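In: mind looking at a prediction? Sequence and model below.
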Amino acid sequence: MSNNKRHWQIVFFVLACFVTYAIYDAFTVADIVAPRHPLFVSILILIADLLILLGAYSYAFNKFIIRSKVFWVFAITFFFIVNCTALIYELVSNHVGYEVYDMITMAAFYLCFSFILVIPTIKHIKDLNKVT
């Protein structure tokens, strides 16, 4: 096994920990800091996170569970649309008196982190080009 794939396997387990913690946090967070978006957006975020996690797993362990490039492009697009929707809800609600500067900084960090999360899935799409 190449050293590069071992690196991506570690990345997968880190991503899995993030997703697991996000699910736990969604059920235990205090109301004062709870997200302001509706429940259906939270469910869509969970589905999008799981799809991105499946893409990371597929790339890290050379599994081709779903071989459709269209599906993976849709999963990445869906991930960004849902996360941007949740971010817009947070920016519009502006709860707990955050300053605009704080919200913009948080949004920039959130989007950068989202781009990092989809890198393994993008690499998996490139691997599909070699297989199919």
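Out: Everything's here; your move. In this text, all values refer to a predicted model and were calculated from it rather than measured experimentally. Residues are numbered from 1 along each chain as shown.
In: find the residue at the geometric middle of this structure.
Out: Nearest residue to the geometric centre of the chain (CA atoms, centre = their mean): Asp49, 4.4 Å.
In: so Asn62 is in which element?
Out: Under DSSP states H and E, no helix or strand contains Asn62.
In: same thing with Leu50?
Out: According to DSSP H and E, Leu50 maps onto helix 39-60.
In: hmm, back to that, surely the residue nearest to the centre of the chain and Ala22 touch.
Out: Yes. Using CB atoms under 8 Å, Asp49 is in contact with Ala22, at 6.7 Å. For every residue, glycine as well, the C-beta is placed using N, CA and C.
In: on that earlier part again, wait, what's in contact with the residue nearest to the centre of the chain?
Out: By CB atoms under 8 Å, 6 or more residues apart in numbering, the contact set of Asp49 is Val19, Ala22, Phe79.
In: let's see it at 7 Å
Out: The contact partners of Asp49, by CB atoms under 7 Å, 6 or more residues apart in numbering, come to Val19, Ala22.
In: per-residue confidence at it?
Out: If you check Asp49, the pLDDT there is 91.
In: how about the one 10 residues further on?
Out: On the pLDDT scale, Tyr59 is placed at 93.
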